[in-house]
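Student: Quick one, what's the 3D model for this:
(one chain, ligands or ions: 1)
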Amino acid sequence: MTTMTGSDLARQVKPEFDREGYVLIRGFYSPEEMKELSAHLDRFIRDVVPGLPATEVFYEDKARPETIKQMQNMQKYDAGLEKLMLSDRFLGFASGLFGRPAVARGVEWFNKPAKIGAMTPPHQDGYYFMLEPNEALTFWLALEEVDQSNGCIRYIPGSHLTGVRPHARTDVLGFSQGITDFGPDDSANEKCMIVSPGDLLVHHSLCIHRADANKSNRSRRALGMVFYSDRAKADPGKVEAYQKKLMSDLAAKGRI
Ligand SMILES: O=C(O)CCC(=O)C(=O)O
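Tutor: Below you'll find the predicted structure:
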């Protein structure tokens with residue numbers, strides 16, 4: 001385990017984060033820590049997931065519990081994950097990257113199950129967050145080997161500096177909005193993040209990213225955490241109304 005504080009690490013990587021809109025930190029978690037975290041998450045899936053509301057856990061195929069693709073608000077159901085999110089390692093690091101206090105929003109889990117994991121449409125998280133100013137970040141900690149064949153995250157460097165792009169509804173469960181004018185220039189610029197367990201990706205809420213479907217015979221699991229800066233304000237009525245409508249549409253379609 002690194003002895004560096006969250007703010008030490010932030011000081012080191014902030015220039016790159018500010019310039020590119022994302023940063024990759026290799027070996028953020030040691031193999032021993034990964035073992036412990038993976039065991040914790042396995043227990044969460046075994047013991048907690050069966051009791052979760054349908055709005056907190058999504059499956060590629062609802063009839064097959066082993067095809068979990070996404071979970072959200074995990075900290076609400078697991079004190080250990082809440083403690084982790086509020087630790088210096090994550091909260092302190094996020095504050096350092098913003099250069100002002102960060103507010104922890106939630107712990108998430110992203111998977112692309114082997115063979116059937118759907119693509120992640122190009123999007124900016126900030127479009128979903130509806131913040132003013134749009135100052136937020138997501139940590140994405142790889143739990144497995146990730147490369148082109150199982151759906152690596154693809155970032156467009158510097159895309160967080162040019163505002164919010166137009167988005168529209170998609171059919172992808174868990175990623176309900178995608179950029180409508182994503183074109184060849186975007187594809188030409190994107191960088192594929194090939195990562196190993198314990199590597200951490202961090203992206204700004206306006207950094208454009210996407211991932212291909214997983215056609216391989218390996219899964220592609222990652223733990224996510226979202227932080228807002230203390231001055232980023234959401235219009236709660238607007239976000240709640242969107243979420244309510246989305247969840248009722250998904251339920252009507254039998255997706256959740
Ligand atoms: O895991 C993925 O494919 C996408 C994750 C994502 O969009 C995010 O962390 O903001």
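
Student: tell me the contacts of residue 106?
Tutor: Neighbouring residues of residue 106 by C-beta atoms under 8 Å, 6 or more residues apart in numbering: 72, 73, 74, 75, 85, 225, 226. Any C-beta I mention is one placed from the backbone N, CA and C, and that applies to glycine too.

Student: how does it look with 7 Å?
Tutor: 72, 73, 75, 226 (C-beta atoms under 7 Å, 6 or more residues apart in numbering).

Student: sec struct for residue 113, please.
Tutor: coil (DSSP: H, G, I helix; E, B strand; the rest coil).

Student: circling back to that earlier point, make JSON lines from the contacts of residue 106 and add neighbour count, secondary structure and pLDDT to it.
Tutor: What follows is these, written out as JSON lines (neighbours: other C-beta atoms under 10 Å; DSSP: H, G, I helix; E, B strand; the rest coil; pLDDT from 0 to 100):
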{"residue": "72", "neighbour count": "20", "secondary structure": "coil", "pLDDT": "97"}
{"residue": "73", "neighbour count": "16", "secondary structure": "coil", "pLDDT": "97"}
{"residue": "75", "neighbour count": "20", "secondary structure": "helix", "pLDDT": "98"}
{"residue": "226", "neighbour count": "21", "secondary structure": "strand", "pLDDT": "98"}
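
Student: Where do the strands of the stretch 151-256 of the chain begin and end?
Tutor: 153-155, 167-169, 177-179, 191-192, 200-204, 209-211, 222-229, 233-234 (DSSP state E, counting those that start in this stretch).

Student: For residue 115, which of these is the nearest?
Tutor: Evaluated with C-beta to C-beta, the strands of the stretch 151-256 of the chain place strand 209-211 nearest to residue 115, the distance being 15.3 Å.

Student: any residue of the closest one up close to the ligand?
Tutor: Yes. Using C-beta under 6 Å from any ligand atom, strand 209-211 reaches the ligand at 209, 211.

Student: and that strand, what other elements does it pack with?
Tutor: strand 120-123, strand 153-155 (3 or more C-beta pairs under 7 Å, 6 or more residues apart in numbering; DSSP states H and E).

Student: For stretch 159-170, give me every contacting residue.
Tutor: Stretch 159-170 is touched from outside by 21, 121, 123-124, 126-127, 134, 176-181, 204, 206-208, with contacts defined as C-beta under 7 Å, 6+ apart.
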